[in-house]
Every structure is written in structure tokens, then in C-alpha cells.
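Undergrad: Quick one, fold the following:
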Amino acid sequence: MLLSQSTRSVSALLTRWRIFAGFASVPLPLTNSSSAAAPACAETVWIVPLHQHSWYDHVRLKRVFVADGTRHQVVLVDVRKLLACADRDNTDYVLKPIAEWHAGKVRGIREFLDPDNPRIPQMPYVTICTRRASGLLGWLGFEREGVVAFRNGQHRARYLADAGARWFPVEVHEREATLLREMCGAPDDARTAIRPVSLNSGGV
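TA: Numbers count the residues shown, from 1 in each chain. Just a heads-up that it's a prediction; the model follows:
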């Protein structure tokens, strides 16, 4: 009797396992999934006002790295502080003032940044480190200064500065984001003036 009851228990367990395995192999409906319910992917852009530009009064910028897990962050920077740090770059990739650019280069950047352009430009992508500041305190190791290098977007950054942008977003690796905020971060006013907005696939 015990053997028979045990056999029936094992048989019942095997039956349940087969039923469960059969359900697991059946594809689940997608009607309630987030991918089916979500609308077309919206694109986030930052609107940067320009205060000294006769062609248009703002530009739109989007992220360089948009996929999850990129380990990059958007930081709002003070334009003057950022370019002061960029001018310390000794890699021979510091651009001349815009007044010394040839007309075709200026026109090309202006058209590229035009908010009526259907293609939204990417924000500048930078890296930052520190070095000993000049002077006695620097040589004694008590004072350090930031050095910014552009990985992409130096022309647009300098054009925006010349057009009267006070602040704009840049992208930086997460391990350098705190240092960038410390050296070049924009004040709280920038977070009011420059906010990310979402555009649908139609650009609205």
C-alpha cells in the first residue's frame, strides 16, 4: 500500500511538471507589455537660449549616448568656465577665436545648429582632469586647476559661447561628472533656463 501511494505521488508530480513545462513553452501575449503599450520613442532635447545671435534665439541639443548602461551623464556647465578649462588643453586641439574662422566654417556651424534643421545636433562630449595650478600654491600642491578636452563638439561649443549662450549641457563619463560640476558647473539659474524636453517622432 505504501509503495502504491508513493508511486502515485511521484506520478502526480511528473504530471504537474509536464503541464508546467508545456505552459512555459507557450509564448505569452504582448497586449499588456510595455513595448506594445508604449508610443513611439520620444527623444529628449535641451533648449539652449542665445542672447547675442541675430539668426535664431536658441538651439536644440541631444545626448551623445542614449542607450542604457553607457555610464555617461549630462552636466550643465558655465560656458566661460568650461572654455577657460579647455584653453588649458595642451594637445594642440584648441581652436582659434571665431573671428579667425573662415566664413565657410562659420556658416556651416550656424546652419548645423539651426533649430529649423530636422537633424538635432549632439551636445559637446568632454573629458576633464586636474593639474597643478600655476604659482606658488600650485607648485606646493595646494591648488589645482581643471583641464577640459573635447572628444566632440568643440566648434559648436565655441560658436554657442560667441552667440551668447551662458550655459549649455555637455556629456561626460560618470566618473568625471563630479569633477566637471566642481570646476565648470552652472549655477541653479541654469536649471531653470535650460530644461530637457521630450520630442515625439514628429519633432513636437
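Undergrad: how near is the residue positioned nearest the centre of the chain to Val106?
TA: Geometric centre of the chain, nearest residue: Arg63, 3.7 Å, by C-alpha atoms, centre = their mean. For Arg63, the distance to Val106 (C-beta to C-beta, to the nearest Å) stands at 26 Å. The way it works is simple: take the backbone N, C-alpha and C, and place the C-beta from them, glycine included.
Undergrad: How about Leu83?
TA: According to C-beta to C-beta, Leu83 stands 17 Å off from Val106.
Undergrad: Which of these two has more residues huddled nearby?
TA: Neighbour totals were compared for Leu83 and Val106, and Leu83 leads with 18 against 15 (other C-beta atoms under 10 Å).
Undergrad: my guess is that one is in a helix, correct?
TA: Yes. Counting by DSSP: H, G, I helix; E, B strand; the rest coil, Leu83 is located in a helix.
Undergrad: Is Val74 in a helix, a strand, or coil?
TA: When classified by three-state DSSP, Val74 comes out as strand.
Undergrad: who's in contact with the closest residue in space to it that isn't next to it in sequence?
TA: In space, and not counting its chain neighbours, Val74 is closest to Pro169: 4.9 Å by C-beta to C-beta, 6 or more residues apart in numbering. Going by C-beta atoms under 8 Å, 6 or more residues apart in numbering, Pro169 touches 46, 48, 61, 74-77, 123, 194.
Undergrad: which among those residues gets closest to Asp188?
TA: Leu76 (9.8 Å; C-beta to C-beta).
Undergrad: Now for the closest residue to the closest one other than its chain neighbours, how many residues are close by?
TA: Nearest residue to Leu76, sequence neighbours excluded (C-beta to C-beta, 6+ apart): Ala186, at 4.2 Å. Residues lying near Ala186 (other C-beta under 10 Å) number 21.
Undergrad: I'd say Ala186 and Arg80 touch.
TA: No. Between Ala186 and Arg80 there is no contact under C-beta atoms under 8 Å: 10.4 Å.
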